[in-house]
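Colleague: Below are the sequence and a predicted model for it; my questions follow.
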Amino acid sequence: MNKRGLDRYLIIAVLVVAAVLRVVNIGAGDVTGNDETLYAFRAIGMLDFNEAEFQTTPLEWQDPNIQWWTKLSFHDHPPLVFLIQNLFMKVFGENAFAFRLPSAIFGILSVYLLYLIGVRLFSKRVGLVAAAIMAVTVNHVYISRIGVQESYVIFFMLLASYLFLRALENEKYLLWTGAAIGLGVLTKYNVFILIPIFLIYLLIFKRDYFAKKNFWLGALLALLIFSPVVIYNIQLYRASGHFDFQFSYILGQDPKVWQQAPGKEEIGTLTDRIKNFVPNFVTVHSWLFTALFVASLTTLLRKKNAFLILAIGWLILLLLLIGPTIRFLTMLTPFVVLSIAISANAVYEKFFIAKKSIALAGLAIFLAWESFYSVNSEVLSYPAGPKFWTFSKLRYDNYNWGYHELDKYLDKELAGKFPALTFDMRYQFLNKTKTAAIEQARLEGRQPYSALIIYDQNIKSPVQLWSLDRLQIYHGWPVLKTEEYLSITNEQGSGVFTNAGVKAHYFIIPTDKVPLNPEGRLTQTAIAFEQNLIAGGIIPISLYNQRGEEIVKIYKF
């Protein structure tokens, strides 16, 4: 087999490994992450509403006369991630597998793009090594297995970077670079960081490109792709006097409707961000990966690759501005991987070029360790060994506590049915969503079922939103907190719901084996209600996680 054929088989093998690590068991972990839940919940109906008391949306302000431009974006993020998740859930259903699968696909494609970038910047050997490391390193495996924006962001950053590098040889690629930037910014505004990286590189090495027609056409194409968000923000400013959540925060507008800024209040001062950078970086990579990156820094500076140094430098600056949170640090990972790959190649050429077997053995051991670390951290339902040394705390972002068993139970109970009893929503746009869902269920031949779902409000908020509020808002099922249920029955009599035709009550209460809301928000109401049900002879249905622990009790009466 010639070298070209071997390289092809090697990159295919790398992509297969990347796919296995990103797709296997992807839907098993619970939907307990705040951001993941907020994206997926809204993506179901492309509806900018998520029960956030302190971060309301234009739909709530304008109801019932909602203006057309509110459909162009969301109040806190651009729309592309929501749209892609919406399409996948239409195909695969409302479940974690469906809204996480696009992240996995973009993660696999990112591995291939890093290979292409490594080949273009350095050599095929560097490209293959970089792709192999990226395929198995825990930080990129992690971000490819949860339904947040960063896997999309990394893909479009790498796509735009690859097209930009191609444009340095053929200016026609400037047009496609602009398209990739436009799509990237349509996933998350952080992709704007590519603009100074590219412009500074051109200013140093290709100043004549600023006079090229394709440069300006590419810029125009990026703006056209991003134009829905531009129009949204212009209209939002005209209607409310401020821009969307992200731009208003950057510009210091501080609108009264957004007095809380989740995710931004925790980043601290610049000193805090600098202090937290290294500890967070160590947290999101294996200890061996971190050690190799530190060792590679001298090689990176000695190689003087302007593009890679610019990319790492500007991304570090961005992370110091927005905060080096665990999730945001994933944007740096591909470029860190490239740094390790070029260092490994330099060591190989200097010391091991005549001892290929030793070099390959060393690389194989490292890749095997990273693979084990990623499987243990992300693929297995429960990791083995001590945290940090054998698995990463990243595992807890989609840990298999067992809450997904509640989804399975409710899906089975409500399968083939639609609610015979519904509650009026406080907004007309929610009533329209509910009415449309029930009408669609009738057309599909489902049967009416009069049920009421009551739940302990101590249940973790993202679980409440995904597992319970989702049933009410998108499917019309009547859902109440225990406190709300008791308030109604105390005022109108204990038989109020039975008289209204309710045939089955479901009372849901979690155990202490799953995450609950913070201690300051816990109540004892549901426990007292449960004791009354037990005294009345009602026996619960218990749900268990894969370790055999009881995680939720459901009283059906």
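Modeller: In hand now; what should we look at? Just so you know, these numbers come straight off a predicted model, no measurement behind them.
Colleague: pretty sure P448 belongs to a strand, no?
Modeller: Yes: P448 forms part of a strand when assessed by DSSP: H, G, I helix; E, B strand; the rest coil.
Colleague: got a pLDDT number for the residue lying closest to it once chain neighbours are set aside?
Modeller: The shortest distance from P448 to any non-neighbouring residue, by C-beta to C-beta, 6 or more residues apart in numbering, is to A420 (3.9 Å). (C-beta placed from N, C-alpha, C; glycine too.) Per-residue pLDDT puts A420 at 96.
Colleague: number of nearby residues for A420?
Modeller: 17 (other C-beta atoms under 10 Å).
Colleague: What helix or strand is V31 located in?
Modeller: V31 belongs to no helix or strand when assigned by DSSP states H and E.
Colleague: measure the residue nearest to it when sequence neighbours are not counted to R166 for me?
Modeller: Distances taken as C-beta to C-beta, 6+ apart put W466 closest to V31, at 4.6 Å, once the chain neighbours are dropped. Distance, W466 to R166, by C-beta to C-beta, to the nearest Å: 41 Å.
Colleague: For the two, indicate the residue with more neighbours.
Modeller: Between W466 and R166, W466 has the larger neighbour count (other C-beta under 10 Å), namely 28 against 17.
Colleague: what residues are up against that one?
Modeller: W466 sits next to 31, 37, 40-41, 407 when contact means C-beta atoms under 8 Å, 6 or more residues apart in numbering.
Colleague: Before we move on, what's the pLDDT of it?
Modeller: 97.
Colleague: So if we follow the domain assignment, how does this structure break up?
Modeller: 3-396, 404-556 (automatic domain parsing).
Colleague: Could you identify which of those domains is most buried?
Modeller: Highest mean neighbour count of the domains of the chain: domain 3-396, a mean of 19 (counted as mean count of other C-beta atoms under 10 Å).
Colleague: mind checking the end-to-end distance for it?
Modeller: The straight-line separation of the ends of domain 3-396 (C-alpha to C-alpha, to the nearest Å) is 42 Å.
Colleague: could you dump the contacts of W466 to TSV with secondary structure and distance to T325?
Modeller: Shown next, in TSV, are the contacts of W466 (DSSP: H, G, I helix; E, B strand; the rest coil; distance: C-beta to C-beta, whole Å):
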residue	secondary structure	distance to T325
V31	coil	19
T37	helix	17
A40	helix	19
F41	helix	21
D407	helix	27
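Colleague: Return the member of the residues you listed nearest to L116.
Modeller: A40 (30.7 Å; C-beta to C-beta).
Colleague: which residues sit in contact with the closest one?
Modeller: Per C-beta under 8 Å, 6+ apart, neighbours of A40: 31, 85, 89, 96, 99, 147, 466.
Colleague: Helix, strand or coil: sort out Y555 for me.
Modeller: Going by three-state DSSP: Y555 is strand.
Colleague: low-confidence ranges in the stretch 201-350 of the chain?
Modeller: 262-266 (pLDDT under 70).
Colleague: now the helices for it?
Modeller: 213-240, 245-250, 270-283, 287-303, 306-322, 333-347 (DSSP state H, counting those that start in this stretch).
Colleague: Does anything pack onto the fourth one? Which helices or strands?
Modeller: When contacts are defined as 3 or more C-beta pairs under 8 Å, 6 or more residues apart in numbering; DSSP states H and E, helix 287-303 packs onto helix 306-322, helix 333-347, helix 356-374.
Colleague: hmm, try it at 10 Å
Modeller: helix 124-136, helix 270-283, helix 306-322, helix 333-347, helix 356-374 (3 or more C-beta pairs under 10 Å, 6 or more residues apart in numbering; DSSP states H and E).
Colleague: Tell me the one among the contacts of W466 nearest to E370.
Modeller: V31 (26.9 Å).
Colleague: Now for that closest one: which residues touch it?
Modeller: 37, 40-41, 95-96, 99-100, 146-147, 398, 403-404, 407, 460, 462-463, 465-467, 470 (C-beta atoms under 10 Å, 6 or more residues apart in numbering).
Colleague: ok, now how distant is it from A96?
Modeller: 5 Å.
Colleague: so what's in contact with those two at the same time?
Modeller: Residues touching both V31 and A96 (C-beta under 10 Å, 6+ apart) are 40, 146-147, 398, 404, 407, 466.
Colleague: that older thread, Throw the helices and strands packed on helix 287-303 into TSV and include distance to A222, thanks.
Modeller: Listed next are these as TSV, based on distance: least, C-beta to C-beta, whole Å:
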stretch	distance to A222
helix 124-136	26
helix 270-283	29
helix 306-322	18
helix 333-347	21
helix 356-374	34
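Colleague: For D424, which of the ones you listed is the nearest?
Modeller: Of all those, helix 306-322 comes closest under C-beta to C-beta, at 40.6 Å.
Colleague: Put the alpha carbons of that closest one into PDB.
Modeller: Written as PDB, here are the backbone C-alpha positions of helix 306-322 (Å, rounded to 0.1, in the frame of the first residue of the first chain):
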ATOM      1  CA  ALA A 306       1.900  33.300  12.900                       C
ATOM      2  CA  PHE A 307      -1.600  31.900  12.300                       C
ATOM      3  CA  LEU A 308      -1.500  29.500  15.200                       C
ATOM      4  CA  ILE A 309       0.100  32.000  17.600                       C
ATOM      5  CA  LEU A 310      -2.500  34.600  16.600                       C
ATOM      6  CA  ALA A 311      -5.400  32.100  17.100                       C
ATOM      7  CA  ILE A 312      -4.200  31.000  20.600                       C
ATOM      8  CA  GLY A 313      -3.400  34.500  21.700                       C
ATOM      9  CA  TRP A 314      -6.700  36.000  20.700                       C
ATOM     10  CA  LEU A 315      -8.700  33.100  22.100                       C
ATOM     11  CA  ILE A 316      -7.000  33.500  25.400                       C
ATOM     12  CA  LEU A 317      -7.900  37.200  25.300                       C
ATOM     13  CA  LEU A 318     -11.500  36.400  24.600                       C
ATOM     14  CA  LEU A 319     -11.600  33.900  27.400                       C
ATOM     15  CA  LEU A 320     -10.200  36.500  29.800                       C
ATOM     16  CA  LEU A 321     -13.000  38.800  28.700                       C
ATOM     17  CA  ILE A 322     -15.900  36.400  28.900                       C
END
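Colleague: can you give me the helices for the stretch 451-557 of the chain?
Modeller: 461-463, 470-475, 482-492, 496-499, 525-535.
Colleague: Format those as CSV; extra columns: distance to V282 and mean pLDDT.
Modeller: Shown next, in CSV, are the helices of the stretch 451-557 of the chain (distance: least, C-beta to C-beta, whole Å; pLDDT from 0 to 100):
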stretch, distance to V282, mean pLDDT
helix 461-463, 27, 95
helix 470-475, 36, 97
helix 482-492, 43, 97
helix 496-499, 54, 94
helix 525-535, 40, 96
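Colleague: Among the shared contacts of V31 and A96, show me the least confident.
Modeller: Lowest model confidence among the shared contacts of V31 and A96 falls on N398, which carries 89.
Colleague: number of nearby residues for it?
Modeller: Neighbour tally, N398, other C-beta under 10 Å: 23.
Colleague: and it, backbone torsions?
Modeller: Note on N398: its backbone torsions stand at phi -140, psi 50 [degrees, to the nearest 10].
Colleague: picking up where we left off before, looking at the helices of the stretch 451-557 of the chain, which is closest to Q546?
Modeller: Among these, helix 461-463 sits nearest to Q546 (C-beta to C-beta), with 17.2 Å.
Colleague: which residues touch that closest one?
Modeller: 30-38, 40-41, 51, 401, 403-404, 406-407, 455, 469, 510, 514-518, 521, 552.
Colleague: Fine, thanks again, bye for now.
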